[in-house]
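Student: pasting the sequence and the predicted model now:
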Amino acid sequence: MEKYDYDVIIIGAGPGGLAAAYQLSATHKVLVVEKHLWGGTCPNYGCDPKKMLYGIVETQRQAQKYKHNGLEDTAHLKVNWHDMMQFKRSYTNQIPGGTENGLTNADIDHIAGTCHFLNAHQIQVNERQISAQYFIIATGAEASIPDIEGNNWLKTSTDFLDEDSLPAKIAFIGGGYVAIELANIAVSAGAEVHIFQHNSRVLRSFPEEYTQKLVSLLTEKGIVFHFNDTITGVKKGAHTFQVTSQHQQSLSVDAVYAATGRHASVGSLNLENTTAAYTSKGISVNDHLQTDAPNIFAVGDVIDKKIPKLTPVASFEGRYVAQQIKKISASIQYPVVPHTVFSGPELSQVGVSLETAEQHPELFKINSASVGKWYTYNRLLDTDAQVTVILNQQDQTVAGAVVLATNAEELINYFTLMIKNKTTVNDLKNFIPVYPSVASDLTYYM
Ligand SMILES: Cc1cc2nc3c(=O)[nH]c(=O)nc-3n(C[C@H](O)[C@H](O)[C@H](O)COP(=O)(O)OP(=O)(O)OC[C@H]3O[C@@H](n4cnc5c(N)ncnc54)[C@H](O)[C@@H]3O)c2cc1C
Ligand SMILES: NC(=O)c1ccc[n+]([C@@H]2O[C@H](COP(=O)([O-])OP(=O)(O)OC[C@H]3O[C@@H](n4cnc5c(N)ncnc54)[C@H](O)[C@@H]3O)[C@@H](O)[C@H]2O)c1
């Protein structure tokens, strides 16, 4: 008789858990357990639905720029929230079923339910007790709700991305990725939008010079920023919510969204029944993504880590842990990770930060350019486009980059590959890109 029911049980069917499951399914007996929607945050209530809405508001923004430049009647171009939501649902409604079918077709056992550890080799799901040699915890993160009066009225990004109608007047608590991206969609779709940021900086991981410029652009669109202030209470009125802030502002709004960060989903796991340690920042892992319980690994947003908590990072870690379980034992080496805020225009960053480059001129050369007049951006009337490339002094390869421009995510992907491959100016001389395109500008940044 087998000692355990499964070789590996994976808890959570988001990008991290699924990547591990598919890598292991040919060689190991695998079970995946999911408590909510198959596919997890990203395709159901994160990146993918967000970018579907973003695509529509960006099309509207671009069309308005072409007013008097070849397009007429752009003032009448309006976002129809209901139709836009139907479009989004035409994609998201298929995700849980499609993901589950994928597991069935790949012969990967899977069950719906919430997992609790009974001990380091056994979990309980629904009424069943199931054992495994290894576990991979891939339970992701969930929106943090600030501890304020009336916080039961606060909504989250998940609610926003599935609203049947757009609330006319909205407040966001927090000025990070979620608030900026959703506020941009809401204001573009016609809402009055307020962002409360408890200090003076939004998007702290990006250079201030760039975030200030982005704040100006979003202010021009109509977003009202309340810096050094936060919402301290929410009261429900007959038809609206009355919010009060630290600085005694009182505002009547139709919806308040908490966007103050996300915390690791560990609450329901009963990790106390194992030796795996965790804090409010997530599960502690070593450089093999192994918890303090040697047979339990963790991947994705649930880990306490410095590296950005993003979908491609979760998938990378899922694939890595699968190799780890197959006994390949090198420690995890992350490639450079780019990140982008879809904020109309996009703000992207990769590699060595501008702050570090400024502190070390002996190591880094900084090329900053306002590229609004370059053909690529001039054609799009993206007059504010700006790009900074950080070069290694030693060999003139790219060390980092910051981009605020239409389609910044595409340009940053090129810089990411150039960092990874240590591309030099000479290498680019042997590269014939499509012209005109984002890639055909690359040599000019070096
Ligand atoms: C609004 C929003 C926009 C985003 N946009 C982007 C973007 O543009 N680009 C990007 O790269 N990233 C983006 N992210 C982040 C991205 O969604 C996450 O980094 C990614 O989903 C993490 O994958 P994961 O597998 O670690 O966790 P998740 O995708 O969160 O999956 C975890 C799964 O585990 C399940 N689970 C939890 N507890 C249990 C339990 N006890 N038992 C069983 N199942 C359990 C959950 O139901 C969930 O399905 C966004 C996030 C949000 C919220
Ligand atoms: N495009 C993307 O890649 C993308 C998009 C959305 C989310 N995400 C992921 O989701 C994570 C969570 O996003 P998020 O925006 O919720 O968190 P975040 O950590 O990016 O931002 C939280 C913001 O809230 C502020 N804040 C905290 N407490 C506050 C308070 N009491 N009052 C006012 N402001 C307060 C913080 O200073 C910060 O600016 C991101 O860090 C990222 O990993 C990524």
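Tutor: That came through, no problem. Ligands and ions are numbered 1, 2, ... in the order given.
Student: all contacts plus neighbour counts: C-alpha atoms, from now on.
Tutor: OK.
Student: confirm residue 130 sits in a helix?
Tutor: No. Counting by DSSP: H, G, I helix; E, B strand; the rest coil, residue 130 is located in no helix; its state is strand.
Student: contact partners for it?
Tutor: Residue 130 makes contact with 5-6, 122-124, according to CA atoms under 8 Å, 6 or more residues apart in numbering.
Student: repeat that for residue 11.
Tutor: Taking CA under 8 Å, 6+ apart, one finds 17, 32-34, 115, 135-139 in contact with residue 11.
Student: cool, residue 265 as well?
Tutor: Remark: with contacts taken as CA under 8 Å, 6+ apart, residue 265 is in contact with 139-142, 282, 302.
Student: which of those sits closest to residue 359?
Tutor: Of all those, residue 359 sits closest to residue 282, with 31.4 Å by CA to CA.
Student: please report phi then psi for the residue lying closest to that closest one once chain neighbours are set aside.
Tutor: Excluding the flanking residues, the one nearest residue 282 by CA to CA, 6 or more residues apart in numbering is residue 304, at 4.2 Å. When read as degrees, to the nearest 10, the backbone of residue 304 gives phi -80, psi 110.
Student: how many neighbours does residue 304 have?
Tutor: 20 (other CA atoms under 10 Å).
Student: stretch 328-338 near ligand 1 at all?
Tutor: No. Stretch 328-338 stays clear of ligand 1 (CA under 6 Å from any ligand atom), getting no nearer than 9.2 Å.
Student: using PDB, list the CA coordinates for that stretch.
Tutor: Coordinates of each C-alpha in stretch 328-338 appear next as PDB, following Å, rounded to 0.1, in the frame of the first residue of the first chain:
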ATOM      1  CA  ILE A 328      17.100  19.400  -8.900                       C
ATOM      2  CA  SER A 329      18.500  21.400  -6.100                       C
ATOM      3  CA  ALA A 330      20.000  24.700  -7.200                       C
ATOM      4  CA  SER A 331      18.700  27.700  -5.200                       C
ATOM      5  CA  ILE A 332      16.200  29.900  -7.000                       C
ATOM      6  CA  GLN A 333      17.800  32.600  -9.200                       C
ATOM      7  CA  TYR A 334      15.200  35.200 -10.300                       C
ATOM      8  CA  PRO A 335      15.800  36.900 -13.600                       C
ATOM      9  CA  VAL A 336      15.300  40.600 -13.600                       C
ATOM     10  CA  VAL A 337      11.600  41.400 -13.100                       C
ATOM     11  CA  PRO A 338       9.900  44.300 -15.000                       C
END
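Student: and the gap between the residue most central in space within the chain and residue 177?
Tutor: Nearest to the geometric centre of the chain sits residue 310, at 4.9 Å (CA atoms, centre = their mean). From residue 310 across to residue 177, the span is 11 Å (CA to CA, to the nearest Å).
Student: which strands and helices sit next to the strand or helix carrying residue 195?
Tutor: Following DSSP states H and E, one finds residue 195 within strand 192-197. If you count contacts as 3 or more CA pairs under 8 Å, 6 or more residues apart in numbering; DSSP states H and E, strand 192-197 packs onto strand 169-173, helix 177-188, strand 224-227.
Student: so which of the ones you listed gets nearest residue 95?
Tutor: helix 177-188 (21.4 Å).
Student: counting contacts, what elements does that closest one pack onto?
Tutor: helix 47-65, helix 157-160, strand 169-173, strand 192-197, helix 208-221, strand 339-341.
Student: got CSV for the ones you listed, with mean neighbour count too?
Tutor: Below are the helices and strands packed on helix 177-188 laid out as CSV (neighbours: other CA atoms under 10 Å):
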stretch, mean neighbour count
helix 47-65, 18
helix 157-160, 17
strand 169-173, 24
strand 192-197, 23
helix 208-221, 16
strand 339-341, 20
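Student: turn those into TSV, columns for distance to ligand 1 and mean pLDDT.
Tutor: Converted to TSV, those look like this (distance: least, CA to the nearest ligand atom, whole Å; pLDDT from 0 to 100):
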stretch	distance to ligand 1	mean pLDDT
helix 47-65	3	97
helix 157-160	5	98
strand 169-173	13	98
strand 192-197	16	98
helix 208-221	17	98
strand 339-341	7	98
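Student: distance to residue 359 for these - can I get that in JSON lines?
Tutor: Shown next, in JSON lines, are the helices and strands packed on helix 177-188 (distance: least, CA to CA, whole Å):
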{"stretch": "helix 47-65", "distance to residue 359": "34"}
{"stretch": "helix 157-160", "distance to residue 359": "37"}
{"stretch": "strand 169-173", "distance to residue 359": "33"}
{"stretch": "strand 192-197", "distance to residue 359": "28"}
{"stretch": "helix 208-221", "distance to residue 359": "15"}
{"stretch": "strand 339-341", "distance to residue 359": "22"}
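Student: select, out of those, the one closest to residue 239.
Tutor: That would be strand 169-173 among these, by CA to CA, at 11.9 Å.
Student: ok now that closest one, how far from the chain's centre?
Tutor: 20 Å (CA atoms, centre = their mean, to the nearest Å).
Student: what pairs with that strand, parallel or antiparallel?
Tutor: strand 192-197 (parallel), strand 255-258 (parallel) (DSSP bridges).
Student: now do that strand: everything it contacts.
Tutor: Contacts of strand 169-173 (CA under 8 Å, 6+ apart): 179, 183, 191-197, 230-231, 253-260.
Student: that strand to helix 177-188, inter-axis angle?
Tutor: Here the directions of strand 169-173 and helix 177-188 differ by 170 degrees (axes from the mean of the first three to the mean of the last three CA atoms, to 10 degrees).
Student: hmm, strand 169-173 in reach of ligand 2?
Tutor: Yes. On the criterion CA under 6 Å from any ligand atom, strand 169-173 is in touch with ligand 2 at residue 173.
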